[in-house]
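A.B. asks: Provided below are the primary sequence and the corresponding predicted coordinates.
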There are 2 protein chains.
Amino acid sequence: MAEPIVQRVALVGAGLIGSSIARAAREYGAAREIAILDASDAVMARVREIGIADEASGDPAKALAGADLVIICTPVGVCETVAQSIAPFLETGAILSDVGSVKSAVVAQVAPHVPEGVHFIPAHPIAGTEFSGPDAGFATLFQNRWCLLTPPEDADAAAVETLGAFWTRIGAKVEAMSADHHDKVLALTSHLPHLIAYNIVGTAEDFGEQTRSEVIKFSASGFRDFTRIAASDPTMWRDIFLNNREAVLEMLGRFNEDLSALQRMIRRGDGQGLFDFFARTRAIRRSIVEQGQDTAAPDFGRRDKSA
Amino acid sequence: MAEPIVQRVALVGAGLIGSSIARAAREYGAAREIAILDASDAVMARVREIGIADEASGDPAKALAGADLVIICTPVGVCETVAQSIAPFLETGAILSDVGSVKSAVVAQVAPHVPEGVHFIPAHPIAGTEFSGPDAGFATLFQNRWCLLTPPEDADAAAVETLGAFWTRIGAKVEAMSADHHDKVLALTSHLPHLIAYNIVGTAEDFGEQTRSEVIKFSASGFRDFTRIAASDPTMWRDIFLNNREAVLEMLGRFNEDLSALQRMIRRGDGQGLFDFFARTRAIRRSIVEQGQDTAAPDFGRRDKSA
Ligand SMILES: NC(=O)c1ccc[n+]([C@@H]2O[C@H](COP(=O)([O-])OP(=O)(O)OC[C@H]3O[C@@H](n4cnc5c(N)ncnc54)[C@H](OP(=O)(O)O)[C@@H]3O)[C@@H](O)[C@H]2O)c1
Ligand SMILES: NC(=O)c1ccc[n+]([C@@H]2O[C@H](COP(=O)([O-])OP(=O)(O)OC[C@H]3O[C@@H](n4cnc5c(N)ncnc54)[C@H](OP(=O)(O)O)[C@@H]3O)[C@@H](O)[C@H]2O)c1
């Protein structure tokens, strides 16, 4: 196997993302040693049980000693606390990164606590599932997925390169952009879709028991596609909406304008308008499939219990 | 194999649904003979090529002769024309049914043309994919899916029973309800989700080329889940929205109210409100999976090209 990219990666937070990085780093030889540090004793115990780290004592000094790459993998809302608590243990020359789904707010909260000589390069892997915790992770999660780096303008070029090489080694395609641009794009591709999915499932919830049970029964007609992402972790998503407020509200405004137009077409019985609207959205699906970001199989290639 | 439920089923329209019924009827022995009649010469030619029907001459008199079950499987918008054109060939005692995704409007359009002595029992299988045409169909499409019958109050009990037995034989679970109730429930479980999906993909479309290409690249963060149903057939969906206007507009009103509430929580930074909202939507997903209406595998068990 090729030389490891870093000597020791320390992952702070061992949920879906942190534990997937640990598994992938070992599987693809991206780090010589893997340390995990999680605030939860239960998570640390589980990490030791499944053996995905070389250092899992739960002691920050031990976890961070010799770590040339430290990645914060906790919910966005605790990034500042985490940065504060690990700062004393960060070694000069180390790279500090994160995986948060929003970037400008994380930078604002973490950057002030980064010691001189430590290179803070934020990142966000565009990969995940609707499940959480150390058992949800798997080594191939990042394969063929993008990982966005949002290095500050004065970032150390070698540090950016090392971080990019680490993500490339564990399967990701790497691209750099500003934190601001990241937050706008993700507001549209990720935050708005999750908000809409949560909302439509919530609308169904609001009805009485009978309607709810019918919605569940007949969900294969469309509804069930929304329930997957609306089953994502509430803490993670609360933090995202609190920390990317402006971009999300802007996208939501655009969405609402378009929806009003569709509503008007339905009310007026504008068949041609509806047909035209529905016809132009197919091209995007085709491109997503062509670029390997989704499967072309009908119904996502789902295997139902029954099949 | 058990005795066939009917002697000859004639399917008018051989797209995804019609061709799936044909395949399933043969696979599970639901009909002794299968006739297909489609308005399109190309579709008829393809039907003969793939050999999914015993009678595929394209001649209505031949297709409907001896058919004790006739199912209209065309888009909803042409149901009336189809009913008119096949009426002269329907045999006394035959069952006439359909598979339209809306029911009250279909009843209003078809019922006036049904000859005396023919039993009109509308139906709607809650099963489908985002693909269309005779090649998209498959025999197992209806396995473990619901098929809703909306018999009129004075319907012939034996005819309802035969139609139910036919759907049961090809794998569906059958339930009866009024056309009106059907249209309300489906507005929520199917029509609103499709409208929202079309709308969010449309919102992304509205942005310039650069944003569009980023949305496609980073779609694995949530957006891609919506693009599947937004790639469904535009004709079919135009017809559904034109023919279930009131119920859809009502559900859309409810959706908009809920969305305003979420929007307000984001603007005010109401973390507890967001958390509570996001926490209550998981139960519905769990029930859908438990009832075998979706897979529990992460990401719908998608297989990416890369994996
Ligand atoms: N899930 C996705 O699809 C996805 C995709 C891309 C990026 N992200 C980002 O990745 C990050 C983590 O998400 P995830 O899905 O991996 O979440 P997760 O499965 O819930 O894992 C988060 C872990 O962090 C731990 N933690 C919480 N506070 C901590 C602290 N102060 N110090 C150390 N550990 C702490 C949690 O422990 P407890 O269990 O005790 O809370 C939990 O084990 C988030 O910032 C999210 O925005 C997620
Ligand atoms: N797709 C789903 O997920 C789904 C699920 C449940 C119910 N449904 C309902 O099933 C029905 C059919 O949907 P589908 O997905 O099977 O559509 P489809 O794949 O587009 O097939 C419709 C077929 O009907 C043909 N047709 C059009 N006008 C006709 C006419 N006057 N006489 C005979 N054939 C005609 C079409 O021919 P051309 O190709 O020449 O137009 C086409 O072959 C719709 O009412 C829909 O609401 C669909």
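C.D. replies: Thanks, I have the structure now. Ligands and ions are numbered 1, 2, ... in the order given.
A.B. asks: ok, the strand or helix carrying residue A:210 near chain B or not?
C.D. replies: According to DSSP states H and E, residue A:210 maps onto helix A:209-217. Yes. Counting by CB under 8 Å from any CB of the partner chain, chain B is contacted by helix A:209-217 at A:211-212, A:214-217. Placement of C-beta: from N, CA and C, glycine included.
A.B. asks: quick one: residue A:11 and residue A:74, what's the gap?
C.D. replies: 10 Å (CB to CB, to the nearest Å).
A.B. asks: what number of residues lie near residue A:118?
C.D. replies: 17 (other CB atoms under 10 Å in any protein chain shown).
A.B. asks: next one: the one 4 residues further on
C.D. replies: The burial count assigned to residue A:122 is 27, neighbours taken as other CB under 10 Å.
A.B. asks: I'd say it and residue A:103 touch.
C.D. replies: Yes. The criterion here is CB atoms under 8 Å, and residue A:122 meets it with residue A:103 at 5.4 Å.
A.B. asks: intersection of neighbour lists for these two?
C.D. replies: Jointly contacting residue A:122 and residue A:103 under the rule CB atoms under 8 Å, 6 or more residues apart in numbering or on different chains are A:150, A:179.
A.B. asks: Tell me the residues of chain A that contact ligand 1?
C.D. replies: A:12-18, A:38-40, A:43, A:73-76, A:78, A:81-82, A:99-101, A:124-125, A:128, A:132-133, A:233, A:236 (CB under 6 Å from any ligand atom).
A.B. asks: Please identify the nearest residue in space to whatever residue of chain A ends up closest to ligand 2, excluding sequence neighbours.
C.D. replies: Nearest residue of chain A to ligand 2 (CB to the nearest ligand atom) works out as residue A:221 at 7.1 Å. Leaving out its chain neighbours, the residue that sits closest to residue A:221 by CB to CB, 6 or more residues apart in numbering or on different chains is residue B:190, at 3.5 Å.
A.B. asks: Provide a list of residues in contact with that neighbour.
C.D. replies: Contacts of residue B:190 by CB under 8 Å, 6+ apart are A:218, A:221-223, B:101, B:126.
A.B. asks: and it, that one's in a strand?
C.D. replies: No. According to DSSP: H, G, I helix; E, B strand; the rest coil, the state of residue B:190 is helix, so it is not within a strand.
A.B. asks: For chain A, which segments count as helices?
C.D. replies: A:16-27, A:41-50, A:60-64, A:79-86, A:104-110, A:157-169, A:179-186, A:192-206, A:209-217, A:224-229, A:234-243, A:245-268, A:271-279, A:282-290 (DSSP state H).
A.B. asks: circling back: now do the shared contacts for residue A:11 and residue A:74.
C.D. replies: Common neighbours of residue A:11 and residue A:74, using CB under 8 Å, 6+ apart, are residue A:18.
A.B. asks: These two: which is more packed in?
C.D. replies: residue A:11 (31 against 25).
A.B. asks: How much space separates that one from residue A:20?
C.D. replies: Distance, residue A:11 to residue A:20, using CB to CB: 10 Å.
A.B. asks: before we move on, what about residue A:132?
C.D. replies: 11 Å.
A.B. asks: returning to that earlier point: pretty sure the residue of chain A closest to ligand 2 is touching residue B:129, no?
C.D. replies: No. Applying CB under 8 Å as the test, residue A:221 and residue B:129 come out as separate, 11.6 Å apart.
A.B. asks: Comparing those two, which shows the higher neighbour count?
C.D. replies: Neighbours were counted for residue A:221 and for residue B:129 using other CB under 10 Å; residue A:221 has more, 27 against 20.
A.B. asks: and that one, what is it in contact with?
C.D. replies: Contacts for residue A:221 (CB under 8 Å, 6+ apart) come out as B:101, B:126, B:128, B:186, B:189-190.
A.B. asks: For residue A:9, list the residues it contacts.
C.D. replies: A:21, A:25, A:30-31, A:33-35, A:67-71, A:166.
A.B. asks: now do residue A:47
C.D. replies: Residue A:47 sits in contact with A:14, A:19, A:22, A:36, A:38, A:53, A:56, A:134, where contact means CB under 8 Å, 6+ apart.
A.B. asks: returning to that earlier point: nearest to residue B:292, of the contacts of residue A:221?
C.D. replies: residue B:126 (12.9 Å; CB to CB).
A.B. asks: thinking again about what came up before, what's the helix holding residue A:210 in contact with?
C.D. replies: A:204-205, A:207, A:223, B:146, B:185, B:188-189, B:284, B:287-288, B:291, B:293.
A.B. asks: Including pLDDT, neighbour count and distance to ligand 2, could those residues go into TSV?
C.D. replies: Listed next are the contacts of helix A:209-217 as TSV, based on pLDDT from 0 to 100; neighbours: other CB atoms under 10 Å in any protein chain shown; distance: CB to the nearest ligand atom, whole Å:
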residue	pLDDT	neighbour count	distance to ligand 2
A:204	91	27	20
A:205	88	17	25
A:207	87	17	22
A:223	94	26	13
B:146	96	21	11
B:185	96	23	14
B:188	95	27	16
B:189	95	24	12
B:284	90	23	21
B:287	92	18	22
B:288	93	23	17
B:291	92	14	19
B:293	91	24	14
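A.B. asks: Up against chain B, what does the stretch 1-150 of chain A have?
C.D. replies: Residues of the stretch 1-150 of chain A lying near chain B (CB under 8 Å from any CB): A:101, A:126-131, A:136, A:140, A:143-146, A:148.
A.B. asks: Now which of those would you call buried?
C.D. replies: Buried subset of these (neighbour count, 16 or more other CB atoms under 10 Å in any protein chain shown): A:101, A:126-131, A:136, A:140, A:143-146, A:148.
A.B. asks: can you pull the contacts of residue A:235?
C.D. replies: A:75, A:77, B:275.
A.B. asks: That should have said residue A:250, apologies.
C.D. replies: A:184, A:187.
A.B. asks: Low-confidence regions, chain A specifically.
C.D. replies: Along chain A, the model assigns pLDDT under 70 to residues A:303-307.
A.B. asks: domain parsing for it?
C.D. replies: A:6-177, A:181-294 (automatic domain parsing).
A.B. asks: how far does the shortest one stretch from start to finish?
C.D. replies: What that stands for is domain A:181-294. Taking CA to CA, to the nearest Å, the first and last residues of domain A:181-294 lie 24 Å apart.
A.B. asks: between the residues of the stretch 1-150 of chain A next to chain B, which is nearest ligand 1?
C.D. replies: Using CB to the nearest ligand atom, the residues of the stretch 1-150 of chain A next to chain B come closest to ligand 1 at residue A:128, 1.9 Å.
A.B. asks: I'd say the closest one and residue A:16 touch.
C.D. replies: Yes. With contacts counted by CB under 8 Å, residue A:128 reaches residue A:16, the gap being 6.3 Å.
A.B. asks: joint contacts of these two?
C.D. replies: In contact with both residue A:128 and residue A:16: residue A:141, using CB under 8 Å, 6+ apart.
A.B. asks: And residue A:298, how far from residue B:198?
C.D. replies: 18 Å.
A.B. asks: More neighbours: the two, which one.
C.D. replies: Neighbours per residue (other CB under 10 Å) separate residue A:298 from residue B:198, with residue B:198 holding more: 27 against 16.
A.B. asks: ok, that one - contacts?
C.D. replies: A:262, A:277-278, A:281, B:230, B:237.
A.B. asks: Then residue A:199?
C.D. replies: B:255, B:258-259, B:262.
A.B. asks: Could you do residue A:44 as well?
C.D. replies: Residue A:44 is in contact with A:14, A:36, A:38, A:56, A:58, counting by CB under 8 Å, 6+ apart.
A.B. asks: Quickly note the distance from residue A:291 to residue A:242.
C.D. replies: Distance from residue A:291 to residue A:242, counting by CB to CB: 31 Å.
A.B. asks: swap in residue A:104?
C.D. replies: For residue A:104 relative to residue A:242 (CB to CB), the value is 13 Å.
A.B. asks: Okay then, goodbye and thanks.
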